[in-house]
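1. give me a model of this one.
(chains A and B)
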Amino acid sequence: MKRTVIKDKENYHELDNVLAKYKGKEGVLIKALQEAQEIYGYLSRDVLVHIAYELEVPLSEIYSVVSFYSLFKTEPSGKCHVEVCSGTACYVKGLKNILDYFEDELSLKPGEMTKDRKFSLSTVNCVGACSAAPVIKIGDELFGDITNQSLKQILEKHGHE
Amino acid sequence: MNKIMEDLDVTVAKIKPEERHILLCGGVPCLSVGCQKVKEAISRELSEHNLAEKVQVLEAGCIGNCKLGPTVIVYPEGIIYRRISEENAREIIEEHIIGGKLLEHLLHKDEKTEQAQHRREDMPFYSKQKRLVLRNCGVISTDIDSYMSNQGYAALAKALTELKPENVIEEVIRSGLRGRGGGGFPTGRKWQAAKDAEGSKKYIICNGDEGDPGAFMDRSIMEGDPHSVLEGLILAGYAVGAEQGFIYVRAEYPLAVRRLEAAIAEARKACFLGKNILKKGFNFDVEIRVGAGAFVCGEETALISSVEGTRGDPNPRPPFPVHKGVWGYPTVINNVETLANIPPIVLNGGDWFNAIGTENSKGTKVFALAGKVRHAGLIEVSMGTTLREVIFDIAGGVPNDKEFKAAQTGGPSGGCLSAEHLDLPLDYESLRAVGSIIGSGGLIVMDEDTCMVDVARYFSGFNREESCGKCTSCRIGTKRMLEVLEKITSGNGDEEDLEKLESLAKLIISSSLCGLGRSAPNPVLSTLKHFREEYMAHIKEKRCPAGVCPELTRHFILEDKCRSCGLCTKVCAEGAIIKEGKNYRINPDKCVDCTRCVQECPFKAIKGRKRKELARA
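-> Residues are numbered from 1 along each chain as shown, chains lettered A, B, ... in the order given. Down below sits the predicted model:
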């Protein structure tokens, strides 16, 4: 396969280490994509083309996997990426109000990023902390029993004036 | 068997229960309210008092009563302190550990009797449960030594020394264990079919893709007792003749992945995994596969596609996975909870397990209680326990003096049960008979403030989003259903829409390939059946009785609760509240739904949607 988009091969040093592990093995595409996303935060077209070339998988197949699973992101996210749990318990206990708060305070809807790239927002499938509903997640950290007040504090801690 | 265990190079039981130690709940809900900081504070206090050597601090899995978190249990007395903050660490060490004094103010008090509850046994939350699968969850730490001190891996040693693979299958068949992931297929028969199937290789997959929103049983088991899942998986491998197992975990559960990875490493070191297990010539190894966020992957054929590294598209059955699964080899797929049941069954025999539960549903079931319920958390009861016992006796009922309205079971494939089903025994058949399923065990309690049409809309939206798109009827049918429901919740519905929903549901159920499509209409059908009058209120009166649907909600005053104090007229900036004789009324044309009056009314006589206020029940 011939590559058409190559920007700077040096950039992929870390990724190449990951791909070396998986070359020629069966059933590893999802794992490789997960690790690539861990490195870059999202999967750009360049990265996907590189993976296609290295693992010798058609780019179309890679896109079919990336677009299928909700966890893969093809757009960068903000410095502080807030994920709001949209599980049933969170829904029953005030998911709408959390989304309203983001819309009122940051004019942010799920799937969007603020202009200063500080905050981005998305909803996620149930994170399984239903007894602490409603729940939000920032990075690996979970925050439970969210109220207007606690949400304000959390966002202030992450740089919202 | 005991000799094998003695020969092993494992130091059994670092901590004996009678020794002084502190156990901390390390479940996800407790983590979300800061239990790590509490753990650090306790460790710091211990070293300041030179006790770090004598008193160990251990992190356990989910203790269960999540609303009390962060929770600390002080052993050997087993005293439970609830809602601990960093500041409490010092008093626990100085007054309890050193001074031997009970800290009354940190004990949980019964909501009604105000009586302090010292130990697990004092709390109805625990005393009414039957914990088999959760035997170790929140009782011991998650490491292999603690697990082994509580009969861990004894079942594996027994199977490898005393039982042939077919004997293991016999015991599981005799136990009557059925799949806990929702399907309810007899586990032993599945194993037998895979054992009989021809294939040069066989695989076992542990399905930890717990996608149902509102369910967290499997997460809690994988995090709280990873070794029991692993032992069940190894036993399954031994029984059907597989040498490779996979544990498929959702990406949303990073802690479960970490704990399982640690458990696999420990088990490998202790010779329970790998080549020549316990020197009995049996080889078995396990690999973790992390999902990437697709609900449909909980369906077994889609899960196989995902394990193979491709899109999680479901495939027609037959061929069933037990004949043709991962890469075409016979594959057994068992749910996490099913596998956690296996070690005690092998150890105590199938008859022992068969004696628990109802005629057709044996054993226990773990439920994840959430929503509008006082003690949300993780519980386990015998099959056949009634909904009333679970919600009111164990979980303490609905908080804030609200009425119980519905319980949702089985997630997006299940249905809603109403108050008339409270005395229904929870087992596979009884729930199916009323249009729901036991599912994986998520149980969400809803009160009078929840709109059932909106709940149906929520699940339809979920199913539409998660439909993989392979079958037209599921892809387009779920979308059409959602549109009809949106039409109703926005106040534009008419009576024909209900018939439309019913005929769409029939079509989707009869013509979808996999379980997702075939069960997607269940939440709509069950709410239509049990809460039809609520649909009618939306359609005919253009009113949302629960005050949820924004287009249909106006604030209104409950006459029986109103004491005519007139406070609301003073706080209303729009002048929307008018006095009519003795009663007050809200003028819907002037009201802007600011909810000032709702918040100020001392008698809670004004109802409506609290738009800007985050509900904290």
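2. so, in contact with chain B or not, stretch A:109-126?
-> Yes: looking at stretch A:109-126 against chain B by CB under 8 Å from any CB of the partner chain, the contacts come from A:124-126. The C-beta positions use only the backbone N, C-alpha and C, and glycine is treated the same way.
3. for the residues you listed, give me TSV that also has pLDDT and secondary structure.
-> Formatted as TSV, the residues of stretch A:109-126 next to chain B follow (pLDDT from 0 to 100; DSSP: H, G, I helix; E, B strand; the rest coil):
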residue	pLDDT	secondary structure
A:124	91	strand
A:125	90	coil
A:126	90	coil
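4. may I ask which of these has the most neighbours?
-> Within these, most neighbours by other CB atoms under 10 Å in any protein chain shown means residue A:126, with 30 neighbours.
5. spatially nearest residue to that residue, not counting backbone neighbours?
-> With CB to CB, 6 or more residues apart in numbering or on different chains as the criterion, residue A:126 has its nearest non-adjacent residue at 3.0 Å, and that residue is residue A:87.
6. surely the one you found touches residue A:130?
-> Yes: using CB atoms under 8 Å, residue A:87 makes contact with residue A:130 at a distance of 6.0 Å.
7. so what sits against both of those two?
-> Counting by CB atoms under 8 Å, 6 or more residues apart in numbering or on different chains, the common neighbours of residue A:87 and residue A:130 are residue B:214.
8. burial measure for residue B:423, as a count.
-> 10.
9. coming back round to it: more neighbours, residue A:87 and residue A:130?
-> Between residue A:87 and residue A:130, counted using other CB under 10 Å, the more crowded position is residue A:130 (35 against 31).
10. my read is that the more buried one contacts residue B:219, right?
-> No: using CB under 8 Å, residue A:130 is not in contact with residue B:219, being 9.8 Å away.
11. give me every residue that touches residue B:245.
-> B:203-206, B:233-234, B:236-237, B:284-287.
12. next one: residue B:152
-> By CB under 8 Å, 6+ apart, the contact list for residue B:152 reads B:136, B:144, B:146, B:227-228, B:231, B:343.
13. excluding chain neighbours, what is closest to residue B:512?
-> Closest residue in space to residue B:512, ignoring its immediate chain neighbours: residue B:474 at 4.5 Å, by CB to CB, 6+ apart.
14. residues in contact with that neighbour?
-> Residue B:474 makes contact with B:467, B:508, B:512-513, B:516-517, B:520 under the criterion CB under 8 Å, 6+ apart.
15. now it: which helix or strand?
-> helix B:472-489 (DSSP states H and E).
16. helix or strand right after that helix?
-> Moving toward the C-terminus from helix B:472-489, the next helix or strand (DSSP H and E) is helix B:496-511.
17. buried residues in that following helix?
-> B:497-498, B:500-501, B:504-505, B:508-509 (16 or more other CB atoms under 10 Å in any protein chain shown).
18. same question for stretch B:347-355.
-> For stretch B:347-355, the neighbour count (16+ other CB under 10 Å) marks B:347, B:350, B:353 as buried.
19. secondary structure class for the last one?
-> The three-state assignment at residue B:353 reads helix, by DSSP: H, G, I helix; E, B strand; the rest coil.
20. in contact with it, which residues are there?
-> Contacts of residue B:353 by CB under 8 Å, 6+ apart are B:175-177, B:341, B:344-345, B:362-363.
21. one more pass at 10 Å, please.
-> Counting by CB atoms under 10 Å, 6 or more residues apart in numbering or on different chains, residue B:353 touches B:132, B:171-172, B:174-177, B:341-342, B:344-346, B:362-364.
22. give me the number of residues near the residue nearest to residue B:104 when sequence neighbours are not counted?
-> Counting by CB to CB, 6+ apart, residue B:116 is the residue found nearest to residue B:104 once chain neighbours are left out, at 6.3 Å. Residues lying near residue B:116 (other CB under 10 Å) number 14.
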